[in-house]
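Q: When you get a sec, could you give me coordinates for this:
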Amino acid sequence: MNLQDIITKLGLKMLTSVESDLSTIKPACGYTSDLLSCVMAGAPKKSIWITLQAHGNIIAVATLLDLAAVIITESATPDETTIEKANEEGVVLLSTSLPTYAVVGQLWEMGLRTADTNQPCS
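A: Numbers count the residues shown, from 1 in each chain. This is a model prediction of the structure:
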């Protein structure tokens, strides 16, 4: 499964301008939390982060962890400065009106899993 498949199947809105072909991005797994410290400690590299946070600090975390994408839920909307920073850093920001729980459930049904604590995501 690739990022373009996920965007299409979940009806996600693209918030950033991405130059790469999204069908070549294959997320390793999924992670959800709204606490930045938990994300930094637990989200594997190349994962998709699902959150309702929409402030500028999510870009720093996504960049630090080299995430495949960030899905912002519940119609939370980042400001223009956050979107601009995401564009500068190459962070894929996506948005949906769905609740976090629904997005995670749909991703699970599509086959995206969490990292096994004993095995790296891949």
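Q: got the phi/psi numbers for the residue positioned nearest the centre of the chain?
A: In the chain, the centroid-proximal residue (C-alpha atoms, centre = their mean) is residue 70; its distance is 2.2 Å. As for residue 70, its main-chain torsions (degrees, to the nearest 10) stand at phi -120, psi 130.
Q: how close does it get to residue 90?
A: For residue 70, the distance to residue 90 equals 12 Å [C-beta to C-beta, to the nearest Å]. C-beta coordinates here come from the backbone N, C-alpha and C atoms, glycine included.
Q: ok, now residue 115?
A: 23 Å.
Q: Check residue 83 too.
A: Distance from residue 83 to residue 90, by C-beta to C-beta: 13 Å.
Q: the more surrounded of those two?
A: residue 83 (19 against 14; other C-beta atoms under 10 Å).
Q: how about that one, secondary structure?
A: Under DSSP: H, G, I helix; E, B strand; the rest coil, residue 83 falls in the helix class.
Q: Which strand residues bridge the closest residue to residue 42 other than its chain neighbours?
A: Closest residue to residue 42 apart from its sequence neighbours, by C-beta to C-beta, 6 or more residues apart in numbering: residue 31 at 6.3 Å. Residues in a beta bridge with residue 31, per DSSP bridges, are residue 49.
Q: all strands for the protein, in order.
A: Assigned strands in the chain, in chain order: 13-14, 30-32, 48-51, 69-72, 93-95 (criterion: DSSP state E).
Q: Can you lay out these as TSV showing distance to residue 22 and mean pLDDT?
A: Output for those, formatted as TSV (distance: least, C-beta to C-beta, whole Å; pLDDT from 0 to 100):
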stretch	distance to residue 22	mean pLDDT
strand 13-14	9	97
strand 30-32	16	95
strand 48-51	12	98
strand 69-72	9	98
strand 93-95	10	98
